[in-house]
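Novice: Generate coordinates for the sequence data below:
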Amino acid sequence: MAISRDKKQSLVSEMTDLLSSAKMTVFAQYDGLSVSDLQKLRRAAREQGVSIKVIKNRLVKVALLQNDTLKNVDTSVLVGQLLYAVSQKDEVAPAQVLANFAKTNGELKLTGAISNEGNLLSAEDVKALATLPSKNELIAQVIATLSSPLNDVVSGLSGNLHGLLDGIEAKAA
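Specialist: Reported below is the predicted structural model:
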């Protein structure tokens, strides 16, 4: 069934808004996925703050042309049945969501991505992105690295203090 002109315009404006505020947009082929599989994917994506959109590639191309940063993106790779995973907060989250889902559902194949700077990434780049830790995990790693010397000093002083107290206790007894 054909989509009305008004519906197409609203889909394009919605996609334009999503793309303009997106940190990363990952696209993947979903041939062979059932509706329940797509619902599971959407549920998993929602938990990570990622939006999944199934929209015609032609409408996505129009939405890309309406964005000054993304209008020069090579859209020749947008072929076939594609779904788009978009995140406004985390660059890595869309790639991770789709890659994790693809592990259990072989029908989903990562195709590429578009960064917020207008760079087109290949499927291999997206797979490499998916292996990176999430933003929160990276922040935790940095904090642990920064606090490590402080923890070492406290442990060293604590050990010496315990030794001193044990020595005093032994003399008193």
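
Novice: Mind exporting the C-alpha coordinates of stretch 6-16 to PDB?
Specialist: Taking C-alpha atoms only, stretch 6-16 is exported to PDB below (Å, rounded to 0.1, in the frame of the first residue of the first chain):
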ATOM      1  CA  ASP A   6       1.700  13.900   3.900                       C
ATOM      2  CA  LYS A   7       2.900  10.800   5.700                       C
ATOM      3  CA  LYS A   8       6.100  10.800   3.600                       C
ATOM      4  CA  GLN A   9       6.800  14.400   4.600                       C
ATOM      5  CA  SER A  10       6.200  13.700   8.200                       C
ATOM      6  CA  LEU A  11       8.600  10.700   8.000                       C
ATOM      7  CA  VAL A  12      11.200  12.800   6.300                       C
ATOM      8  CA  SER A  13      10.900  15.600   8.900                       C
ATOM      9  CA  GLU A  14      11.100  13.000  11.700                       C
ATOM     10  CA  MET A  15      14.200  11.400  10.200                       C
ATOM     11  CA  THR A  16      15.800  14.800   9.600                       C
END
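
Novice: Was I right to think T69 contacts I114?
Specialist: No - between T69 and I114 there is no contact under Cβ atoms under 8 Å: 9.9 Å. Where C-beta positions appear, they are placed from N, C-alpha and C, glycine not excepted.

Novice: ok, the two, which is more surrounded?
Specialist: Just comparing T69 and I114: by other Cβ atoms under 10 Å the higher neighbour count belongs to I114, 26 against 14.

Novice: and the more buried one, which of the three is it?
Specialist: Classification of I114 using DSSP: H, G, I helix; E, B strand; the rest coil returns strand.

Novice: What's the separation between the residue positioned nearest the centre of the chain and A113?
Specialist: The centroid of the chain falls nearest to A93 when counting by Cα atoms, centre = their mean (1.4 Å). A93 sits 12 Å away from A113, going by Cβ to Cβ, to the nearest Å.

Novice: Over to L132?
Specialist: When distance is defined by Cβ to Cβ, L132 is 13 Å away from A113.

Novice: of the two, who's got more company?
Specialist: Per other Cβ under 10 Å, whichever of L132 and A113 has more neighbours is A113, with 24 against 13.

Novice: Contacts only, for the more buried one.
Specialist: 24-27, 94-95, 120-121, 125-126, 129 (Cβ atoms under 8 Å, 6 or more residues apart in numbering).

Novice: hmm, try it at 6 Å
Specialist: A113 sits next to 24, 26, 121, 126 when contact means Cβ atoms under 6 Å, 6 or more residues apart in numbering.

Novice: Ok, L70 next?
Specialist: Neighbours of L70 in contact, by Cβ under 6 Å, 6+ apart: 19, 64, 118.
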